[in-house]
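Trainee: Sequence and computational prediction follow.
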Amino acid sequence: MARAIDYTYSWHEGYLECVYSDGRWGQTGSGGRLLVTRAADNTPMEEPEDRTGEEVVGWRAVCFETGDDADCWFGPTWTRVATKTEQNPAVLQIFSADDWLVGDHADTIMTAWLRHLVPHIGTPSVESAAAMATDAQFRLTLAVLDARDKGASWAKIGAAVGISRQSAHERWANYRD
Ligand SMILES: [Zn+2]
């Protein structure tokens, strides 16, 4: 899912997972299948199980640390409620007709994953973080121009940035051509 790309910081890969009534959980497998890959106590299951969308009773954010190749963090479970009027993010209750969350709902639940990065990143002021973001944008543009000077393709640059060849071209081609 795109979530794995959207929620990646350094070695930390955030995932939005479906939770089932028996406490087991897991993410979508190939072809959009709903797979249970973890037991309620978070241990990996030897034989992943298929589930149906109606069996999804909640969702949670988790983090896998790819550098250590190990679990990093497990977020709280959000309960799936039956109607929109029952929805209450303050007590981790969310309504979704779709079994797989996208967009705003996904962002809401993944906020906890963002917060789990605080011990790793720290919490700069908005002013200082904005200055760092501006600086990083300049560095990125300069790095892309340098890579192009050295003959790198837009596909290679896009892959390095984590975007498509076309997106990389649209974003930086005007600096060159
Ligand atoms: Zn993490």
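Mentor: Sure, I can see it.

Trainee: so how far is the helix ranked longest in the chain off the chain centroid?
Mentor: In the chain, with assignment by DSSP state H, the single longest helix is helix 126-149. Centroid separation for helix 126-149 versus its chain: 22 Å, with C-alpha atoms, centre = their mean, to the nearest Å.

Trainee: Also stretch 125-136?
Mentor: Using C-alpha atoms, centre = their mean, the offset of stretch 125-136 from its chain centre is 22 Å.

Trainee: now swap in stretch 94-104 and tell me
Mentor: For stretch 94-104, the distance to the chain centre is 15 Å (C-alpha atoms, centre = their mean).

Trainee: If you count neighbours, what's buried in that stretch?
Mentor: Ile94, Ser96, Asp99, Trp100, Leu101 (16 or more other C-beta atoms under 10 Å). Any C-beta I mention is one placed from the backbone N, CA and C, and that applies to glycine too.

Trainee: can you tell me the distance between the two ends of it?
Mentor: Terminal residues of stretch 94-104 lie 11 Å apart, using C-alpha to C-alpha, to the nearest Å.

Trainee: if we look at it, which residues are touching it?
Mentor: Defining contact as C-beta atoms under 8 Å, 6 or more residues apart in numbering, one finds that stretch 94-104 is touched by 1, 16, 18, 28, 32, 34, 53-54, 56, 59, 78-84, 86-87, 105, 108-109.

Trainee: So which of the residues you listed sit within strands?
Mentor: Leu16, Cys18, Leu34, Val56, Trp59, Trp78, Thr79, Arg80 (DSSP state E).

Trainee: So what sits opposite the last one in the bridge?
Mentor: Same thing as Arg80. Ile94 (DSSP bridges).

Trainee: I figured it hits Val57, correct?
Mentor: Yes: contact between Arg80 and Val57 holds when scored by C-beta atoms under 8 Å: they sit 5.5 Å apart.
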